[in-house]
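> here is the input, now give the coordinates:
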Amino acid sequence: MAEYGQGGSMWPRGDVYNYNILLLEMFTRKRPTDPMFSDGLSLHSFSKMALPKRVMEIVDSNLVRDSGEAINNGGNQDEVEGIMHDCLVSIARIRVACSEASPGDRMDIKDVVMELNFIKEKFLG
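Modelled structure (predicted):
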């Protein structure tokens with residue numbers, strides 16, 4: 001991935017970076033090479049700017065629709081949307097924290113796993 005291609009040494013926080021860039025691509029349906037990312041705008045900064053209020057604007061609409069159908073088991077639609085929004089914001093914060101330019105500023109993978117498990121419990125109820 002990009003970080004390894006720039007001559008950086010391989011270490012776990014580099015893997016966290018690459019993994020989270022992949023997640024950013026999946027959640028936004030945009031690639032780091034998308035023409036919209038120029039003049040200092042990157043997939044990372046695009047995602048960071050959306051936090052927390054505009055996260056639903058950058059998430060792939062297919063992901064939101066499919067997830068909403070999965071958790072909407074007769075519950076209140078506003079409640080379902082609120083839970084989904086909170087979970088997506090939390091996941092986006094993790095993705096942004098793990099794709100910081102400096103490896104030392106990235107979340108540790110153990111903290112990522114712990115946070116994702118917490119989000120999963122909240123999402124599934």
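> kindly list the longest helix within this protein.
Of all the segments assigned as helix in the chain under DSSP state H, the longest by residue count is helix 77-98.
> helices and strands around that one, which ones?
The elements that helix 77-98 packs onto, with contact taken as 3 or more Cβ pairs under 8 Å, 6 or more residues apart in numbering; DSSP states H and E, are helix 12-28, helix 43-49, helix 55-58, helix 61-71, helix 109-124. Backbone N, C-alpha and C define where each C-beta goes, glycine included.
> pick out the shakiest of these, pLDDT-wise.
Looking at the helices and strands packed on helix 77-98, the lowest mean pLDDT belongs to helix 61-71 (a mean of 68).
> kindly reformat the helices and strands packed on helix 77-98 as CSV containing mean neighbour count and distance to residue 92.
Putting the helices and strands packed on helix 77-98 into CSV (neighbours: other Cβ atoms under 10 Å; distance: least, Cβ to Cβ, whole Å) gives the following:
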stretch, mean neighbour count, distance to residue 92
helix 12-28, 18, 7
helix 43-49, 18, 6
helix 55-58, 16, 5
helix 61-71, 13, 12
helix 109-124, 13, 11
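> looking at the ones you listed, which is nearest to residue 81?
helix 61-71 (7.2 Å; Cβ to Cβ).
> re earlier: any chance of the helices and strands packed on helix 77-98 in JSON lines with distance to residue 97 as columns?
Putting the helices and strands packed on helix 77-98 into JSON lines (distance: least, Cβ to Cβ, whole Å) gives the following:
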{"stretch": "helix 12-28", "distance to residue 97": "8"}
{"stretch": "helix 43-49", "distance to residue 97": "9"}
{"stretch": "helix 55-58", "distance to residue 97": "14"}
{"stretch": "helix 61-71", "distance to residue 97": "20"}
{"stretch": "helix 109-124", "distance to residue 97": "8"}
